[in-house]
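# My questions are about this predicted structure, shown below with the sequence.
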Amino acid sequence: MTVSGLDSSKNQTPVKNVVIAGGGTAGWMAATALSRLLGKSIKVTLVESKDIGIVGVGEATIPPIRTFHKLLGIDEKAFMRATQATFKLGIEFENWREQGHSYIHSFGITGRECWAGEFHHFWLRAKEYGFGGEFGDYCPELIAAKQNKFATSEAMPLNFAYHFDAVAYGRFLKSLACEAGVMHKEGDIEKVAVCPQAGNIQSLQLASGEVINGDFFIDCTGFKGLLIEQALHTGYDDWRHYLFCDRAVAMQTELTAPPVPYTKSVAHRAGWRWQIPLQERMGNGLVFCSRFMSDEDAINTLKSQVTGVPINEPRVIRFTPGKRRRGWNKNCVALGLSSGFIEPLESTSIHLIMTGLIRLMRLFPFDGITQSAIDEYNNKFDSEMSAILDFIVMHYKVTQREDSPFWQQCQRMEIPPSLKHKLALFAETGRVFLDDGDIFRVDSWTQVLMGQGMTPSQYHRVADEMSEQSLKQFMAGLKQQVDNHVAKLPLHEAFLTKYLR
Ligand code: FAD
């Protein structure tokens with residue numbers, strides 16, 4: 001059917017051959033999803049270089065990865081055994097609000113959902129009365145993380161994600177993808193052939209001389225964006241004026257204590273440091289701003305702060321926070337680092353690979369590429385990236401730290417207008433504004449905003465509908481439920497060992 005007045009700009013070539021360039025986390029996630037879910041309609045080929053390594057430091061995830069795994073029919077225990085995975089209930093932020101202070105951003109719901117006004121309004125009212133404890137006391141995931149406890153069962157559900165070994169994850173997905181029929185090619189891509197008239201990518205030429213033709217290409221070649229940028233010149237929005245950190249140094253160490261069910265993020269004078277516990281090792285990294293810290297200083301700082309015997313030498317990774325101007329350009333979609341990188345503070349990159357893939361599969365151009373599908377993909381990509389940008393920038397802006405030039409600059413920086421609005425709304429009214437593309441919901445915003453030190457000047461008056469006595473009972477009842485839930489949980493390591501035996 002055609003709709004009069006609409007410009008139907010369709011490339012009539014049906015898409016049957018999809019070529020994925022790159023075999024890092026993005027490449028193998030794409031290969032697994034496309035082969036397992038669309039394998040009857042399309043042929044999938046993946047090309048990777050054995051000489052060009054993968055970034056290999058994406059080790060912390062957020063809960064929707066479990067839905068993705070379910071969609072692909074991935075067995076949780078097999079995945080966890082293969083990747084040294086541990087459970088993750090959230091992130092502990094240390095020294096972010098001020099030195100010596102810490103809070104947890106957990107994956108759980110705090111208190112109870114209320115259609116008229118969210119739980120934090122009731123909590124704020126309780127604080128005014130002089131009772132109510134900590135905001136986090138009402139969230140089972142947060143208290144479980146604090147007490148190093150974990151279990152997953154239908155009777156006692158917790159919302160969780162994983163920490164895993166990114167290199168092992170790639171290997172694990174590779175075996176699933178190849179089983180599902182993905183054609184695997186090894187070699188260095190030396191040339192990307194682009195049609196001079198249409199501007200579409202036609203083929204990839206390997207160093208061996210082999211030419212790989214395709215109808216549709218997925219660029220998973222990492223930061224360099226071999227197809228999306230070097231061949232198609234799509235452009236990049238550089239966000240370094242909002243996000244000052246542009247380098248990381250990563251190293252692994254032996255575990256010195258049982259793995260905790262949360263990521264640790266410790267702010268330092270020019271950025272922050274992560275600790276990601278796996279079953280048998282700790283992933284460590286220092287994220288920093290090269291204007292305020294040299295590579296040598298970062299390496300020495302990281303070495304002096306890790307505990308445990310080093311397993312490898314520290315490795316410096318450079319990046320430019322930002323996003324590709326278009327995630328889908330011509331007959332190419334960029335996934336993973338080739339599509340942009342906001343910085344790893346809230347573990348959003350692997351999630352974005354997943355959402356990009358799901359969006360692509362929903363809009364998949366089986367019968368030819370249409371401009372409407374490209375626009376839809378790019379609009380959603382833009383709003384998702386902008387919403388995450390706001391959430392991450394908020395961590396640097398809402399803080400009392402002013403003890404170094406880096407933090408002073410964070411205090412002074414201009415922030416995106418959308419974030420300015422969200423912060424003003426919360427400070428003045430206690431209301432949380434959510435963008436359509438926001439993967440972080442009210443509970444995340446309230447936990448982090450209040451964790452970083454922002455308290456709204458008023459609460460929603462729905463909380464006044466409860467008498468002081470009823471509110472006291474309500475809060476005490478909720479806290480009791482959380483305490484009872486967490487009291488029944490085993491220690492994380494004990495559960496992990498039993499679960500994976
Ligand atoms: P890469 O891993 O760089 O893979 C690129 C692939 O392309 C490789 O297989 C390479 O061989 C291939 N390739 C490149 N050039 C060629 C060529 N010419 N010919 C053939 N093949 C080629 N994400 C999270 O979700 N959680 C985290 O905790 C997290 N932490 C991070 C910490 C840091 C410091 C950084 C930098 C990133 C982090 N990420 C994290 C992001 C995560 O690492 C990436 O999103 C993820 O690894 C995907 O990478 P990729 O597959 O896009 O690229």
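In hand now; what should we look at?
# Mind telling me what element Trp407 is part of?
Using DSSP states H and E, Trp407 maps to helix 405-412.
# what's the average pLDDT for that helix?
With pLDDT averaged residue by residue, helix 405-412 scores 97.
# Touching it from outside, list them.
The contact list for helix 405-412 (CB atoms under 8 Å, 6 or more residues apart in numbering) reads 244, 269-271, 289, 292-293, 396-397, 399, 401-402. The C-beta positions use only the backbone N, C-alpha and C, and glycine is treated the same way.
# Just flag the most distant two among those residues.
The largest separation in the contacts of helix 405-412, counting by CB to CB, is between Met293 and Lys397 at 19.9 Å.
# how about the residue in the stretch 51-200 of the chain positioned nearest to the ligand, what does it touch?
The ligand sits closest to Gly58 of the stretch 51-200 of the chain, with a gap of 2.8 Å, by CB to the nearest ligand atom. Contacts of Gly58 were listed using CB under 8 Å, 6+ apart, and they are 25, 166, 344, 349-350.
# Tell me which of those residues fall in helices.
25, 166, 349-350 (DSSP state H).
# Let me know the pLDDT of the closest residue to Asp137 other than its chain neighbours.
In space, and not counting its chain neighbours, Asp137 is closest to Lys479: 5.4 Å by CB to CB, 6 or more residues apart in numbering. Looking at Lys479, its pLDDT is 96.
# Correct me if wrong: Lys479 contacts Tyr138.
Yes: at 6.2 Å, Lys479 counts as touching Tyr138 under the criterion of CB atoms under 8 Å.
# the more surrounded of these two?
More crowded of Lys479 and Tyr138, by other CB atoms under 10 Å: Tyr138, with 24 against 17.
# Distance-wise, check the closest residue in space to the more buried one that isn't next to it in sequence relative to Leu491.
Excluding its sequence neighbours, the residue lying closest to Tyr138 (CB to CB, 6+ apart) is Gly111, at 4.3 Å. Applying CB to CB, to the nearest Å, the value for Gly111 to Leu491 is 26 Å.
# Neighbour count: those two, which is higher?
With other CB under 10 Å as the criterion, Gly111 and Leu491 differ in neighbour count, and Gly111 comes out ahead with 22 against 16.
# and the more buried one, what does it touch?
Taking CB under 8 Å, 6+ apart as the test, what Gly111 contacts is 119-120, 122-123, 138-139, 478.
# Determine which two of those are furthest apart.
Across the contacts of Gly111, the longest distance by CB to CB is 13.8 Å; it joins Phe122 and Cys139.
# Pick out the residue nearest the middle of this structure.
For the chain, Thr348 is the residue whose C-alpha lies nearest the centre (CA atoms, centre = their mean; 1.1 Å).
# pretty sure that residue is touching Gly340, no?
No: using CB under 8 Å, Thr348 makes no contact with Gly340, being 10.7 Å away.
# mind listing what's buried in whichever strand or helix holds His485?
In the assignment (DSSP H and E), His485 maps to helix 468-487. By neighbour count on 16 or more other CB atoms under 10 Å, the buried set for helix 468-487 is 471, 475, 478-479, 482, 485-486.
# Taking the stretch 1-150 of the chain, what residue is nearest to the ligand?
Nearest residue of the stretch 1-150 of the chain to the ligand (CB to the nearest ligand atom) works out as Gly24 at 2.4 Å.
# Report how many residues lie close to the closest residue to that residue other than its chain neighbours.
Distances taken as CB to CB, 6+ apart put Ile54 closest to Gly24, at 3.7 Å, once the chain neighbours are dropped. The number of residues packed near Ile54 is 22, by other CB under 10 Å.
# Could you tell me the model confidence score at Ile54?
The model's pLDDT for Ile54 equals 91.
# does it sit in a helix, a strand or a coil?
Recorded secondary structure, Ile54: coil (DSSP: H, G, I helix; E, B strand; the rest coil).
# Just the pLDDT at Ala298, thanks.
We have a pLDDT of 98 for Ala298.
# right, and it touches Leu286 too?
Yes: with contact defined as CB under 8 Å, Ala298 counts as touching Leu286 (5.1 Å).
# which bits of the stretch 251-400 of the chain sit near the ligand?
Residues of the stretch 251-400 of the chain that fall close to the ligand, judged by CB under 6 Å from any ligand atom: 285, 317, 319, 336-338, 344, 347, 349-350.
# the strands in the stretch 351-500 of the chain, which residues?
With DSSP state E, counting those that start in this stretch, the ranges of strands along the stretch 351-500 of the chain come out as 369-370.
# Excluding sequence neighbours, find me the nearest residue to the closest residue to the ligand within the stretch 151-300 of the chain.
Across the stretch 151-300 of the chain, the shortest distance to the ligand (CB to the nearest ligand atom) belongs to Gly222, at 2.7 Å. Excluding the flanking residues, the one nearest Gly222 by CB to CB, 6+ apart is Leu337, at 4.6 Å.
# Run through the residues that contact that neighbour.
Under the criterion of CB under 8 Å, 6+ apart, the neighbours of Leu337 are 24, 26, 55, 222-223, 319, 349.
# Please apply the same query to Arg315.
Shown in contact with Arg315 (CB under 8 Å, 6+ apart): 249-251.
# Just name the closest of those residues to Leu72, please.
Among the contacts of Arg315, and counting by CB to CB, the member closest to Leu72 is Ala250, at 27.4 Å.
# So in terms of bridging, what pairs with the closest one?
In this entry, Ala250 is beta-bridged to Gly285, Arg315, by DSSP bridges.
# from the contacts of Leu337, which has minimum pLDDT?
Val55 (89).
# Which residue, neighbours along the chain excluded, lies closest to Met251?
With sequence-adjacent residues excluded and distances taken as CB to CB, 6+ apart, Met251 is closest to Pro314, at 4.2 Å.
# Average pLDDT for the host helix or strand of Ser203, rounded please.
Element membership of Ser203, judged by DSSP H and E, is strand 201-206. Model confidence over strand 201-206 averages 98 on the pLDDT scale.
# just how off-centre is that strand within its chain?
Its chain's C-alpha centre and that of strand 201-206 lie 31 Å apart, by CA atoms, centre = their mean, to the nearest Å.
# Which strands border that strand, and is each parallel or antiparallel?
As defined by DSSP bridges, the strand partners of strand 201-206 come to strand 189-194 (antiparallel), strand 211-213 (antiparallel).
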